[in-house]
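Asks: sequence plus predicted model, see below.
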Amino acid sequence: MTAAGGPDGGAGAQREGCADLHIHTMASDGTSSIADILAFVAAADRLDVIAITDHERIDAALAARRMASDDGLRVQVVVGEEITTRGGHLLGLFLERPVPALKSLRWSIEAVHDQGGLAIPAHPLVPYPLCAQGIVLRRLLASDDPAVRPDTIETFNPTAFGRYRHRTVVRFAEEHRLAQVGNSDAHAAEAVGTGWTSFPGRTPEDLRRAVAAGETRHHGAFHGSTGQLGVFGRQLRKYSRDIRADVAGRVRRDGTGRDLGYPGGTERPPRYDPAGRNGAG
């Protein structure tokens, strides 16, 4: 079910929709701004739906949704969050407010569903604290309460986490008749779309229906170790800049801090500012 190459249907083909639902920005541990991510996606013109899923926050995702709409881009942005739970990382999609971190996986899934969202454990089954484990997922999937069941799991993630247990995760999804979802887990604009999900239709609502019906498929190509080391180096440089900017803002007491990657993202408190799109921040 995994296919290499780009998310297109070939010459003359009536392709399905394509989505990448796991993307990080400068607001968390990503290295690209919202503008750079949207520009990359627009230039590639392959993805119909993307989700911005920064760790423990949704401000950049809300800004991205607004910016894509204001610019009339074809791609539609889903507001998401990668939530750190005590049972591993969880993608919450279709959110309007952030879900608190460090709760149980069960509580967090229910909190996502309370907003009408989709709850998708990220890079699951890897024996590492940031990944949901099989024993916990089986218990939740067997629950009589649908509010605590994950909607699906991430069956393709091109990072080292995803490569390590990929076949096991696919078998787990098949065993539990879960939709198979692929994402890039991108931390740089050029990585967006290296993992993706195909689905009947083109819109976020089409995607939701496809997940519920088990009609999605994952695709992508795993990263090489060299490329991941390069992104790690960019992250370290970003963290250094962030610290300097935060310290400088406090020293100057001018209400600024690190750049969160969207207009108004250097202000404290940060707020999306459409008027700032032609200026700094």
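Replies: Noted; the coordinates are in hand.
Asks: where in this structure is the helix or strand with the lowest mean pLDDT?
Replies: Counting by mean pLDDT, DSSP states H and E, the weakest-scoring helix or strand in the chain turns out to be helix 160-164, with a mean of 90.
Asks: quick one: contacts of that one?
Replies: 123, 126, 128, 130-131, 154, 156-157, 169, 185, 195, 222-223, 225, 228 (C-beta atoms under 8 Å, 6 or more residues apart in numbering). Backbone N, C-alpha and C define where each C-beta goes, glycine included.
Asks: Leu137 contacts Ile120, doesn't it?
Replies: No. Leu137 is not in contact with Ile120 according to C-beta atoms under 8 Å; the separation is 11.3 Å.
Asks: who's more crowded, the two?
Replies: Neighbours per residue, other C-beta atoms under 10 Å: of Leu137 and Ile120, the larger number sits with Ile120, 31 against 22.
Asks: look at that one and give its secondary structure.
Replies: Counting by DSSP: H, G, I helix; E, B strand; the rest coil, the backbone at Ile120 sits in strand.
Asks: that one against Leu21, yeah?
Replies: Yes. Shown here, Ile120 and Leu21 form a contact pair, counting by C-beta under 8 Å, at 7.3 Å.
Asks: shaky segments in the stretch 1-150 of the chain?
Replies: Applying pLDDT under 70 to the stretch 1-150 of the chain flags the ranges 1-14.
Asks: ok, back up a step: now the common contact residues for Leu137 and Ile120.
Replies: Among the neighbours of Leu137, those also in contact with Ile120 (C-beta under 8 Å, 6+ apart) are Pro150, Ile153.
Asks: correct me, but Ala101 touches Asp54?
Replies: No. Under the criterion of C-beta under 8 Å, Ala101 is not in contact with Asp54, lying 11.9 Å apart.
Asks: for the two, indicate the residue with more neighbours.
Replies: Asp54 (24 against 16).
Asks: what's near enough to touch the more buried one?
Replies: Each residue near Asp54 by C-beta under 8 Å, 6+ apart is listed here: His24, Thr25, Ala27, Ser28, Gly30, Ala60, Ala61, Glu81, Glu82.
Asks: of the residues you listed, closest to Arg277?
Replies: Taking C-beta to C-beta as the measure, Ala60 is the one of the contacts of Asp54 closest to Arg277, at 14.2 Å.
Asks: count the neighbours of the closest one for me.
Replies: Counted with other C-beta under 10 Å, Ala60 comes out at 28.
Asks: which residue ranges of the stretch 1-150 of the chain form strands?
Replies: Along the stretch 1-150 of the chain, counting by DSSP state E, counting those that start in this stretch, strands occupy 17-23, 49-52, 76-85, 88-93, 118-121.
Asks: parallel or antiparallel, which strands does the second one pair with?
Replies: Within its sheet, strand 49-52 is paired with strand 17-23 (parallel), strand 76-85 (parallel), according to DSSP bridges.
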